[in-house]
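Q: Build me a model from this:
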Amino acid sequence: MSIKAKIEAVIYAAEEPVTLAQLAAVFAAEILSAEPQEPEPNEAVSSADAASTTDEENSAAEAAVADDAGKDDAAANNAEQPLLPVAEDAAKLARQQERKVRAAIEQVVQSLMEDYASDERGMEIREIAGGYRMATKAQYHDGVRAFVKRLKPPMKLSLQALETLAVIAYKQPITAPEISEIRGVDSGGVLGSLISRKLIATAGRKQVVGRPILYKTTREFLLRFGLKDLNDLPSIEEFEKMAAAMEEAEIISAPHAEPSAEAGAESPEAQSADAEEETIAERLAAAEEMEADHATAETIEDETR
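A: Numbers count the residues shown, from 1 in each chain. Have a look, this model is predicted:
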């Protein structure tokens, strides 16, 4: 994959304008390694130069003996000289490399902007607030606006609805009494909301006394949460962390609760808050025990018949 394609992907994926400094930090090593190596100085000399060099070497060899004593003194003096500022040279080299990387990235970005400037493209790369951002072209805004108006609004689920939906997803098919047993509160109102949003549907009736309705998740549930199938569901531990984060966000953003008009009235949300002390893993275990009790009851009923 080319650097140009990678930079294009980063600009497309970023929510905020991407600066040259950010791109340089990511692709500096790759750009420097892709640069051609500078040619080394030519050490070969022509034949004429070689001949003159040989004569000069002979003369220098004759004078070398006379200069031996002076060389010893020069070596002693050089030892006393301070070392070259190596740190300054390294910093200068780093600045030069940074300028090279930024120039190369800017050239790639300009090339991308020229590619997107074509009339065949509905997107463009704009320079915004010192960075680069991908957006739709102004001449196509009418078509985009008409499409956006037809989109469904983003779905927002309360913590109670999310918890009920998770119980159904992990334990389906499951009845309303079983869901209420796991959550510790009545889930009838939440079930109606989830059905109206087409996230759950009925799945027949359970063959027990009273024949309660079974519930399961729908294809809309998979679409909304971006799942291939139910095997892609997060583990119980991951869901607990997600639910805890949502609960904390709700507590921070929710306004101060006003006292209820009726002192004895307690809403399902308040009951749910009291029931949050139990973990979902413990509730699922309780559901398994309840299913075992149902199975035992069915066995006893069959034997009685």
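
Q: My reading is that residue 214 is in a strand; is that accurate?
A: Yes: assessed with DSSP: H, G, I helix; E, B strand; the rest coil, residue 214 lies in a strand.

Q: so how far is residue 192 from it?
A: Distance check for residue 214 against residue 192: by Cβ to Cβ, to the nearest Å, it reads 16 Å. (Glycine included, C-beta is placed from N, CA and C.)

Q: More neighbours: these two, which one.
A: residue 214 (19 against 10; other Cβ atoms under 10 Å).

Q: ok, that one - contacts?
A: 172-175, 202-206 (Cβ atoms under 8 Å, 6 or more residues apart in numbering).

Q: Tabulate these (TSV), appending neighbour count.
A: TSV is the format used below for the contacts of residue 214 (neighbours: other Cβ atoms under 10 Å):
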residue	neighbour count
172	14
173	16
174	23
175	20
202	11
203	16
204	11
205	13
206	18
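
Q: Of these, which pair is most distant in space?
A: 172 and 205 (14.1 Å; Cβ to Cβ).

Q: Go through the helix or strand residue 114 falls within and flag the buried ones.
A: Under the criterion of DSSP states H and E, residue 114 resides in helix 86-116. For helix 86-116, the buried set under the neighbour-count rule, 16 or more other Cβ atoms under 10 Å, comprises 101-102, 104-105, 108-109, 112, 116.

Q: And it, what does it pack against?
A: If contacts are counted by 3 or more Cβ pairs under 8 Å, 6 or more residues apart in numbering; DSSP states H and E, helix 86-116 sits against helix 3-13, helix 20-34, strand 123-128.

Q: Now with 10 Å, please.
A: With contacts defined as 3 or more Cβ pairs under 10 Å, 6 or more residues apart in numbering; DSSP states H and E, helix 86-116 has these neighbours: helix 3-13, helix 20-34, strand 123-128, strand 131-136.

Q: Give me whichever of these is most buried.
A: strand 131-136 (a mean of 17; mean count of other Cβ atoms under 10 Å).

Q: what about it, average pLDDT?
A: Across strand 131-136, pLDDT averages out at 91.

Q: Can you give me the domain boundaries for the protein?
A: Using automatic domain parsing, the domain parsing of the chain gives 1-34+90-151, 159-252+269-304.

Q: so where's the stretch 151-300 of the chain shaky on pLDDT?
A: For the stretch 151-300 of the chain, applying pLDDT under 70 flags the ranges 154-155, 243, 246-247, 249-300.

Q: where along it do the helices fall?
A: Assigned by DSSP state H, counting those that start in this stretch, the stretch 151-300 of the chain shows helices spanning 159-171, 176-183, 188-196, 219-225, 236-253, 268-275, 280-304.

Q: Give me the contacts around the shortest one.
A: Looking back up the chat, that one is helix 219-225. If you take Cβ atoms under 10 Å, 6 or more residues apart in numbering as the criterion, helix 219-225 is touched by 152, 154-155, 157, 165, 168-169, 194, 197-201, 217-218, 227-230, 232-234.

Q: List only buried entries from those residues.
A: In the contacts of helix 219-225, burial by neighbour count holds for 157, 165, 168-169, 194, 197, 199-200, 217, 233, counting by 16+ other Cβ under 10 Å.

Q: Columns distance to residue 125 on top of these, output as JSON lines?
A: Listed next are the buried ones among the contacts of helix 219-225 as JSON lines, based on distance: Cβ to Cβ, whole Å:
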{"residue": "157", "distance to residue 125": "36"}
{"residue": "165", "distance to residue 125": "40"}
{"residue": "168", "distance to residue 125": "44"}
{"residue": "169", "distance to residue 125": "41"}
{"residue": "194", "distance to residue 125": "42"}
{"residue": "197", "distance to residue 125": "38"}
{"residue": "199", "distance to residue 125": "38"}
{"residue": "200", "distance to residue 125": "43"}
{"residue": "217", "distance to residue 125": "40"}
{"residue": "233", "distance to residue 125": "38"}
